[in-house]
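Colleague: What shape does this take:
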Amino acid sequence: MKNDRFARLTLAALAGCTIAGTTFAANHTTMPAASRPMVVDKDSRMKAWTTDKDALEKALGTGKDKAFYRQTLEKAGYHITAVNRDSADALEYEVVKGGNSYEVQVNLKDGKSTKVDVTTNVWKAAATRDALRNKDHKYVYPTAVTKDADTVRDSVRSKAWTGEKDQMEKALGIGHDRTYYKPALEKMGFRVTSVNESDPRNLEYEVVKGDTSYEVQVDFDANTKKSTRVGVSTNMWETDATERAKGDKK
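Modeller: Numbers count the residues shown, from 1 in each chain. Predicted coordinates for the structure are as follows:
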């Protein structure tokens with residue numbers, strides 16, 4: 001398996017980046033029609049996602065009021081599909097653009113932002129899933145804060161996710177042949193919903209447990225046929241089978 005496959009574990013880490021204030025210039029006022037992401041070449045998709053994330057970080061900044069963030073995101077062509085938090089000290093959006101989604105997390109004090117993070121949006125509100133799936137999605141700013149928002153906030157769920165990820169990697173281990181991994185995952189309570197790669201050197205599964213999916217990536221030695229590396233990462237672009245297994249798609 002290519003090294004950049006495992007680099008995805010870092011690129012898609014469930015953490016935001018604190019960013020400094022900058023000025024913003026945007027050339028787009030409308031978002032391209034969203035479409036269901038194709039689950040191909042995820043490494044390229046992750047690089048593009050990261051590039052867009054970095055650009056958004058440069059466009060946003062601290063020392064701003066709440067109104068600035070909505071205006072700036074919309075001007076840049078982002079659809080704000082969910083408001084997961086809106087209080088005196090915090091603002092949190094789920095946003096979508098070009099088939100990708102992000103969480104924008106803002107800390108506030110005395111009406112001005114003190115910290116801004118742009119990060120993954122692994123657990124998506126229903127409105128976000130609909131926007132990603134529907135190429136004819138019509139943008140309307142949410143009229144209310146997401147119900148039971150903590151169930152879809154990466155900022156809340158990431159710690160538990162990281163713990164389970166670490167447990168999975170430890171339990172799966174290395175030194176096994178390729179037939180070991182699917183039964184091992186099923187024994188751990190995971191459902192294998194998609195095989196995205198399978199050749200003598202590489203194996204990649206999408207797996208689901210509850211309302212969360214993961215990518216399991218395994219390297220094999222060409223001579224011994226035994227695994228030499230195992231990585232578990234976020235599954236930001238899910239196949240239809242994975243979505244159905246989570247109950248996100250009927």
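
Colleague: Helix or strand with the lowest mean pLDDT in the chain?
Modeller: Least confident helix or strand of the chain, by mean pLDDT, DSSP states H and E, is helix 3-11 with a mean of 49.

Colleague: Can you name the next helix or strand after it?
Modeller: helix 42-59 (DSSP states H and E).

Colleague: send the alpha carbons of the host helix or strand of residue 219 over as PDB?
Modeller: Assigning secondary structure by DSSP H and E places residue 219 in strand 212-220. Taking Å, rounded to 0.1, in the frame of the first residue of the first chain, the C-alpha atoms of strand 212-220 are listed here in PDB:
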ATOM      1  CA  THR A 212     -19.900   5.400  12.500                       C
ATOM      2  CA  SER A 213     -17.800   4.100   9.600                       C
ATOM      3  CA  TYR A 214     -14.100   3.600   9.300                       C
ATOM      4  CA  GLU A 215     -11.500   2.800   6.700                       C
ATOM      5  CA  VAL A 216      -9.300  -0.200   7.500                       C
ATOM      6  CA  GLN A 217      -6.100  -0.200   5.400                       C
ATOM      7  CA  VAL A 218      -3.600  -3.100   5.400                       C
ATOM      8  CA  ASP A 219      -0.200  -3.600   3.800                       C
ATOM      9  CA  PHE A 220       1.200  -7.000   3.000                       C
END
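
Colleague: could you give me the average pLDDT of it?
Modeller: For strand 212-220, the mean per-residue pLDDT is 94.

Colleague: how about the helix or strand just after it: buried residues?
Modeller: On the C-terminal side of strand 212-220, the closest following helix or strand by DSSP H and E is strand 227-234. Neighbour counts over strand 227-234 (16 or more other C-beta atoms under 10 Å) mark 227, 230-234 as buried. Every C-beta, even on glycine, is put in place using the N, C-alpha and C of the backbone.

Colleague: now do stretch 167-177
Modeller: 168-169, 172, 176.

Colleague: likewise stretch 45-52?
Modeller: Here stretch 45-52 shows 45-46, 49, 52 as buried, counting by 16+ other C-beta under 10 Å.

Colleague: And stretch 83-93, by the same measure?
Modeller: Buried, per 16+ other C-beta under 10 Å, within stretch 83-93: 83-86, 91-93.

Colleague: can I assume residue 193 sits in a strand?
Modeller: Yes: checked against DSSP: H, G, I helix; E, B strand; the rest coil, residue 193 lies within a strand.

Colleague: Go ahead and confirm it touches residue 235.
Modeller: No: in this structure residue 193 lies outside contact range of residue 235 using C-beta atoms under 8 Å: 9.5 Å.
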